[in-house]
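Engineer: Need coordinates for the following:
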Amino acid sequence: MLGAVGNKLPFTHMEALFFPSEKIERKILLILKILRDSSGPIGARLIARRMYETGVKLSERAVRYHLKLMDERGLTRLAGRRDGRLISRKGIEELDNAMVRDKLGLAISRIEILAFRTTFDPVLREGLVPVNISLIPRERFRKALSIMRPAFDAGLAVSNLVAVAPSGGRLGDVTVPEGMMGLATVCSIIINGVLLKKGVPMDSKFGGILQVRDRKPLRFVELIYYSGSSLDPSEAFIRAKMTSVGKVVETGEGKILSNFREVPALCRTLLQNTLSSLNEAGIGGVLSVGEVSEPICQIPVDVNKVGVILLGGLNPVCCVQEAGIEVENRAMSSVMEYKKLVRFSELKNAGL
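Structural biologist: Below is the predicted model of the structure:
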């Protein structure tokens, strides 16, 4: 007997389990991500709340239904009736491998989403700021801070403003795992976000490795286009050990993380004014602004556009990786309130 809609049979529980629709699959992947980022087991109520924070509205009852399906698929496991769920090893694999189509262009999508979520006002000095999250082994954290300090002092970060959280604490949407310390650094997307609120479109082209000579930007030697990458370029370059930020600090020559953007030529004055306001609020990150339609750091620029070279927000963390301390980086990760950030130099006074 045919179902109520056309010739399609009604969807049974078993079909939903083994052949989930694309819409259901997206919700399952989001739940898996929330569980993976959690420091311990969490229940349906908290999962529903965190889904709502990302713009997905799902009732607590509906979350329980999805969790039941995920238990049956082996993606999650019950840690106790009151303790909630944990993601399984199979669930982590599913999250890493799922929906290849969604991963295409993921980097550019994350830039656009974070720019939209940015509400920072450099004049009022309040609002949400996009951040990168770095997870560092707790026992190596103080050493890592001392290694990063020269890079911050040399101005190789987007901002000297940071945030720190211990295991179980939260930095934006990210919960710091057991045995780790979390460090939030300001992401260069803040410039996209502030300009967006002023009606200025900023075209994010690629992230790359920029060669520095005599402490001045020379040329890009490696690049990854955001529109064709599922990984943030900075994460990929750090993992491949392609930077020499520490050498740049010491000698003025080496390779650092950098990003290339374009803005319409008509917006050049507004861009300069915005950058000045950001600098007064303790946020910089701009290495160079080019001339109209002229190449910058040997990169051609579209007609009636201006090229902009930005520092990568994870440059100080590169020094830690270069020193042999493993760091888990989540670039373009989340947003945080500006007022929750502190100057890097103040961490020493706090005993860190």
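Engineer: can you map out the strands along the stretch 51-200 of the chain?
Structural biologist: Secondary structure of the stretch 51-200 of the chain, counting by DSSP state E, counting those that start in this stretch: strands at 76-80, 84-87, 128-137, 161-165, 170-171, 174-175, 180-186.
Engineer: Distance to residue 31 and mean pLDDT added to these, as JSON lines?
Structural biologist: For every residue, glycine as well, the C-beta is placed using N, CA and C. Shown next, in JSON lines, are the strands of the stretch 51-200 of the chain (distance: least, C-beta to C-beta, whole Å; pLDDT from 0 to 100):
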{"stretch": "strand 76-80", "distance to residue 31": "8", "mean pLDDT": "85"}
{"stretch": "strand 84-87", "distance to residue 31": "9", "mean pLDDT": "90"}
{"stretch": "strand 128-137", "distance to residue 31": "20", "mean pLDDT": "96"}
{"stretch": "strand 161-165", "distance to residue 31": "23", "mean pLDDT": "96"}
{"stretch": "strand 170-171", "distance to residue 31": "18", "mean pLDDT": "92"}
{"stretch": "strand 174-175", "distance to residue 31": "15", "mean pLDDT": "85"}
{"stretch": "strand 180-186", "distance to residue 31": "22", "mean pLDDT": "96"}
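Engineer: which one of the ones you listed lies closest to residue 43?
Structural biologist: strand 84-87 (3.6 Å; C-beta to C-beta).
Engineer: How about residues contacting that closest one?
Structural biologist: 32, 35-36, 40-44, 46-47, 67, 70-71, 75-79, 95 (C-beta atoms under 8 Å, 6 or more residues apart in numbering).
Engineer: Could you rerun that using 10 Å?
Structural biologist: Applying C-beta atoms under 10 Å, 6 or more residues apart in numbering, the set of residues contacting strand 84-87 from outside is 31-38, 40-47, 63-64, 67, 70-71, 75-80, 91, 94-95.
Engineer: Of these, just the buried ones, ChimeraX syntax please.
Structural biologist: To isolate the buried ones among the contacts of strand 84-87 in ChimeraX, judged by 16 or more other C-beta atoms under 10 Å, type:
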select :31,32,33,34,35,37,38,41,42,43,44,47,63,67,70,75,76,91,94,95
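Engineer: returning to what we had before: could you point out which of the strands of the stretch 51-200 of the chain sits nearest residue 344?
Structural biologist: Across those, closest to residue 344 is strand 161-165 (C-beta to C-beta), at 5.2 Å.
Engineer: elements contacting that closest one?
Structural biologist: In terms of contacts (3 or more C-beta pairs under 10 Å, 6 or more residues apart in numbering; DSSP states H and E), strand 161-165 is packed against strand 128-137, helix 141-153, strand 170-171, strand 180-186, strand 328-337, strand 342-343, helix 346-349.
Engineer: Output the below-cut-off pLDDT ranges for the protein.
Structural biologist: For the chain, applying pLDDT under 70 flags the ranges 1-22, 81, 98-105, 349-352.
Engineer: Please parse it into its domains.
Structural biologist: As given by automatic domain parsing, the domain ranges for the chain are 13-98, 113-150+159-186+325-345, 189-311.
Engineer: can you give me the offset of stretch 83-99 from its chain's centre?
Structural biologist: In terms of C-alpha atoms, centre = their mean, to the nearest Å, the centre of stretch 83-99 is set 20 Å apart from its chain centre.
Engineer: quick revisit: tabulate the domains of the chain (a markdown table), appending distance to residue 318.
Structural biologist: Output for the domains of the chain, formatted as a markdown table (distance: least, C-beta to C-beta, whole Å):
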| stretch | distance to residue 318 |
| --- | --- |
| domain 13-98 | 23 |
| domain 113-150+159-186+325-345 | 9 |
| domain 189-311 | 4 |
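Engineer: These: which one's closest to residue 107?
Structural biologist: domain 189-311 (4.3 Å).
Engineer: From one end of the closest one to the other, what's the distance?
Structural biologist: End-to-end span of domain 189-311 (C-alpha to C-alpha, to the nearest Å): 10 Å.
Engineer: hmm, back to that, quick one, which of the helices and strands packed on strand 161-165 gets closest to residue 213.
Structural biologist: Among those, if distance is taken as C-beta to C-beta, the winner is helix 141-153, at 17.7 Å.
Engineer: Restricting to C-alpha, output that closest one in PDB.
Structural biologist: Provided in PDB are the C-alpha atoms of helix 141-153 (Å, rounded to 0.1, in the frame of the first residue of the first chain):
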ATOM      1  CA  PHE A 141      51.800  25.700  29.200                       C
ATOM      2  CA  ARG A 142      54.100  28.100  31.100                       C
ATOM      3  CA  LYS A 143      57.000  27.100  28.900                       C
ATOM      4  CA  ALA A 144      54.800  27.700  25.800                       C
ATOM      5  CA  LEU A 145      53.800  31.200  27.000                       C
ATOM      6  CA  SER A 146      57.500  32.100  27.500                       C
ATOM      7  CA  ILE A 147      58.200  30.900  23.900                       C
ATOM      8  CA  MET A 148      55.300  33.000  22.500                       C
ATOM      9  CA  ARG A 149      56.200  36.200  24.300                       C
ATOM     10  CA  PRO A 150      58.800  37.500  21.900                       C
ATOM     11  CA  ALA A 151      56.400  37.000  18.900                       C
ATOM     12  CA  PHE A 152      53.800  39.100  20.700                       C
ATOM     13  CA  ASP A 153      56.300  41.700  21.600                       C
END
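Engineer: Alright, calling it a day.
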